[in-house]
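Engineer: I'd like to go over a predicted model; first the sequence, then the structure.
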Amino acid sequence: NAGVTQTPKFQVLKTGQSMTLQCAQDMNHEYMSWYRQDPGMGLRLIHYSVGAGITDQGEVPNGYNVSRSTTEDFPLRLLSAAPSQTSVYFCASSYQFTPRTEAFFGQGTRLTVV
Amino acid sequence: GENVEQHPSTLSVQEGDSAVIKCTYSDSASNYFPWYKQELGKRPQLIIDIRSNVGEKKDQRIAVTLNKTAKHFSLHITETQPEDSAVYFCAASIPGGGNKLTFGTGTQLKVEL
């Protein structure tokens, strides 16, 4: 049981490049989400999904796309990287309904855009 | 949308003392309040949570209290140990929002020997 797995752990991009951050979970969780973590700003929600085929925007969605073709996978795409997207990105998953709504986080991806 | 404020941003205590971290939320519909601990370079991990039908919950040295009227909840750590040093985040979510958590900005807790 691997939990939530993110790849890569580290990435350096040049401004304008695109890339996909991968996230997979093996707990059959309905709910998956992406957060970015910046110093002094906590974790801010980028996009989330309540099930395969369903995605929605969070607090800071601009510059990011997501899709959810399977229950297990929830990739985050940066379309044209900007220095403002330098951050640590966390994927999280949980059951959709109470009482088991504990969010499990991946190990994070540290992204630097130069 | 929901807004969660967390204080203090940094907290330094002596080993064995208690630590208290406070959060307020804006949406009175919020009904789930987890606390996460994040060690340096690691992922956030749930340490305790509370639902709006409960006023207090305790797990060994950790307790959380909730005041729905004031829209305020707090994390209490007693008999602090060096391994409690980490960043702590509070969060809130609304019913039907799955686990769409709104996080506070975090508290860096340092437990000094």
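Structural biologist: Nice, thanks for sending it over.
Engineer: Now do the contacts for residue B:55.
Structural biologist: B:65, B:66, B:67 (C-beta atoms under 8 Å, 6 or more residues apart in numbering or on different chains). All C-beta atoms are positioned from the backbone trio N, CA, C, and that covers glycine.
Engineer: CSV for those residues, including pLDDT, neighbour count and secondary structure?
Structural biologist: Converted to CSV, those look like this (pLDDT from 0 to 100; neighbours: other C-beta atoms under 10 Å in any protein chain shown; DSSP: H, G, I helix; E, B strand; the rest coil):
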residue, pLDDT, neighbour count, secondary structure
B:65, 97, 17, strand
B:66, 96, 22, strand
B:67, 95, 12, strand
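Engineer: quick one: which of the residues you listed is nearest to residue B:74?
Structural biologist: Closest to residue B:74 out of the contacts of residue B:55 is residue B:65 (5.1 Å), distances taken as C-beta to C-beta.
Engineer: partner residues bridging the closest one?
Structural biologist: Under DSSP bridges, the beta-bridge partners of residue B:65 are residue B:56, residue B:74.
Engineer: quick check, nearest of the contacts of residue B:55 to residue A:47?
Structural biologist: Distances from residue A:47 to these, taken by C-beta to C-beta, are shortest for residue B:66, at 28.9 Å.
Engineer: Would you check how far apart the closest one and residue B:35 are?
Structural biologist: 11 Å (C-beta to C-beta, to the nearest Å).
Engineer: same check, this time on residue A:31
Structural biologist: 19 Å.
Engineer: Residue numbers of chain B in contact with chain A?
Structural biologist: B:1, B:6, B:9, B:32, B:34, B:42-46, B:49, B:51, B:89, B:93, B:98-106 (C-beta under 8 Å from any C-beta of the partner chain).
Engineer: Report the buried members of these.
Structural biologist: B:6, B:32, B:34, B:43-44, B:46, B:49, B:89, B:93, B:98-106 (16 or more other C-beta atoms under 10 Å in any protein chain shown).
Engineer: so where do the strands sit in chain A?
Structural biologist: A:4-7, A:10-13, A:19-25, A:31-37, A:43-51, A:54-57, A:64-66, A:76-78, A:87-94, A:104-105, A:109-113 (DSSP state E).
Engineer: actually chain B, not the one I typed
Structural biologist: B:4-7, B:10-14, B:19-25, B:32-38, B:45-51, B:56-59, B:62-67, B:72-77, B:86-92, B:102-103, B:107-112.
Engineer: how about these in a markdown table, adding distance to residue A:42?
Structural biologist: Formatted as a markdown table, the strands of chain B follow (distance: least, C-beta to C-beta, whole Å):
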| stretch | distance to residue A:42 |
| --- | --- |
| strand B:4-7 | 8 |
| strand B:10-14 | 14 |
| strand B:19-25 | 11 |
| strand B:32-38 | 10 |
| strand B:45-51 | 15 |
| strand B:56-59 | 22 |
| strand B:62-67 | 18 |
| strand B:72-77 | 15 |
| strand B:86-92 | 6 |
| strand B:102-103 | 4 |
| strand B:107-112 | 10 |
